[in-house]
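Chemist: got a structure for you, letters missing:
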């Protein structure tokens with residue numbers, strides 16, 4: 001095993017560690033780890049990411065469910081349309097995208113490069129949210145009642161995003177649950193982790209039917225990520241999550257900047 005591969009497996013622990021400590025965010029790194037450290041093709045990397053994110057988030061959500069932090073009714077409202085969207089996007093939309101995705105004379109944009117560039121933009125938005133750490137105020141739903149229709153539509157949009165880039169989108173889901181469902185922030189985070197877990201698994205099911213997976217690589221990587229989330233949930237008692245979130249946000253921003261520079265140059 002090379003030094004680079006050892007670094008990649010160490011990064012798997014980091015993914016789970018951040019999810020366990022901060023309630024989300026770590027999954028945004030899985031695709032760059034697979035592509036730039038392990039040299040896995042982009043489309044395969046998004047499939048692997050869905051499995052790792054889904055499994056790791058599911059472990060975290062079990063703890064939240066056990067402690068009754070998850071709002072199951074809101075989960076169903078948001079997640080139902082989201083599940084449909086993520087499955088259809090992975091099963092039909094992503095495979096149907098032309099390659100190259102764009103032709104301008106002699107200049108072609110391969111599908112894999114376009115997805116990585118789009119992913120990097122999402123990383124910049126996620127990093128900005130983590131660095132600012134400006135969480136929405138609690139209980140802003142109209143008349144104190146959840147806006148179920150808007151939640152369902154937003155679920156469709158988040159499912160599409162998850163299907164295309166292979167990441168959970170927790171930085172989008174949490175504000176929606178607070179602003180549209182009126183959930184307290186901790187309850188919104190717990191509910192979001194469950195939505196991310198199931199969303200990712202549904203998207204992964206859309207891939208299994210047409211993708212050959214290297215389970216000898218994927219399962220050990222996922223196991224290390226799960227070990228990281230247990231470590232993160234333990235350290236959460238001692239590490240200030242806000243400081244971690246901002247520090248990790250700067251790290252994500254640096255990785256996104258590298259990705260954009262690499263894709264443009």
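Modeler: Yep, it's here. Fair warning: this is a prediction, and the values are worked out from it, not measured in the lab.
Chemist: Show residues contacting the helix or strand hosting residue 80.
Modeler: Residue 80 is located in helix 72-88, with elements delineated by DSSP states H and E. Residues from elsewhere that reach helix 72-88, judged by C-beta atoms under 8 Å, 6 or more residues apart in numbering: 146, 148, 151-160, 162-163, 173, 176-177, 181, 183, 191, 194-195, 198-200, 202-203, 205-206. Where C-beta positions appear, they are placed from N, C-alpha and C, glycine not excepted.
Chemist: Can you tell me the closest non-neighbouring residue to residue 255?
Modeler: The shortest distance from residue 255 to any non-neighbouring residue, by C-beta to C-beta, 6 or more residues apart in numbering, is to residue 32 (5.5 Å).
Chemist: what's that neighbour in contact with, if anything?
Modeler: Counted by C-beta under 8 Å, 6+ apart, residue 32 has contacts 119, 123, 255, 259.
Chemist: Run through the helices of the stretch 1-150 of the chain in chain order.
Modeler: For the stretch 1-150 of the chain, applying DSSP state H, counting those that start in this stretch gives helices covering 3-22, 30-32, 42-66, 72-88, 94-96, 111-132, 148-165.
Chemist: Can you tell me which of those is packed in deepest?
Modeler: Greatest average neighbour count among the helices of the stretch 1-150 of the chain goes to helix 30-32 (a mean of 25), per mean count of other C-beta atoms under 10 Å.
Chemist: circling back to that earlier point, and the residue nearest to residue 255, what pLDDT?
Modeler: As summarised for this prediction, residue 32 has a pLDDT of 87.
Chemist: what do you get for residue 135?
Modeler: Residue 135 carries a pLDDT score of 54 in this model.
Chemist: same deal with residue 253?
Modeler: pLDDT recorded at residue 253 is 86.
Chemist: Kindly report the same for residue 28.
Modeler: The model's pLDDT for residue 28 equals 77.
Chemist: Now do it: how many residues are near it, please.
Modeler: 30 (other C-beta atoms under 10 Å).
Chemist: ok, it - contacts?
Modeler: 122, 123, 126, 167, 171, 252.
Chemist: low pLDDT regions in the stretch 101-250 of the chain?
Modeler: 104-105, 133-145, 168-171, 209-210, 241-242 (pLDDT under 70).
Chemist: can you rerun that using 80?
Modeler: 101-109, 111-112, 126-127, 129-148, 165-176, 178-186, 188-189, 206-211, 233, 236-249 (pLDDT under 80).
Chemist: Quick one: the strands in it, in order.
Modeler: 102-104, 107-109 (DSSP state E, counting those that start in this stretch).
Chemist: now for those strands, which one comes closest to residue 229?
Modeler: Proximity to residue 229, assessed across those by C-beta to C-beta, is greatest for strand 107-109 (35.9 Å).
Chemist: Okay, now the sheet partners of the closest one, with direction.
Modeler: strand 102-104 (antiparallel) (DSSP bridges).
Chemist: Helices of the stretch 151-265 of the chain, residue ranges please.
Modeler: Going by DSSP H, counting those that start in this stretch, the stretch 151-265 of the chain shows helices at 170-181, 185-208, 215-235, 241-264.
Chemist: Serialize those to TSV and add fields for distance to residue 75 and mean neighbour count.
Modeler: Formatted as TSV, the helices of the stretch 151-265 of the chain follow (distance: least, C-beta to C-beta, whole Å; neighbours: other C-beta atoms under 10 Å):
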stretch	distance to residue 75	mean neighbour count
helix 170-181	9	24
helix 185-208	6	24
helix 215-235	20	18
helix 241-264	22	16
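Chemist: Using JSON lines, lay out those together with distance to residue 57.
Modeler: Formatted as JSON lines, the helices of the stretch 151-265 of the chain follow (distance: least, C-beta to C-beta, whole Å):
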{"stretch": "helix 170-181", "distance to residue 57": "8"}
{"stretch": "helix 185-208", "distance to residue 57": "4"}
{"stretch": "helix 215-235", "distance to residue 57": "8"}
{"stretch": "helix 241-264", "distance to residue 57": "16"}
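Chemist: right, and residue 190 touches residue 66 too?
Modeler: No. If you go by C-beta atoms under 8 Å, residue 190 and residue 66 don't touch, sitting 10.5 Å apart.
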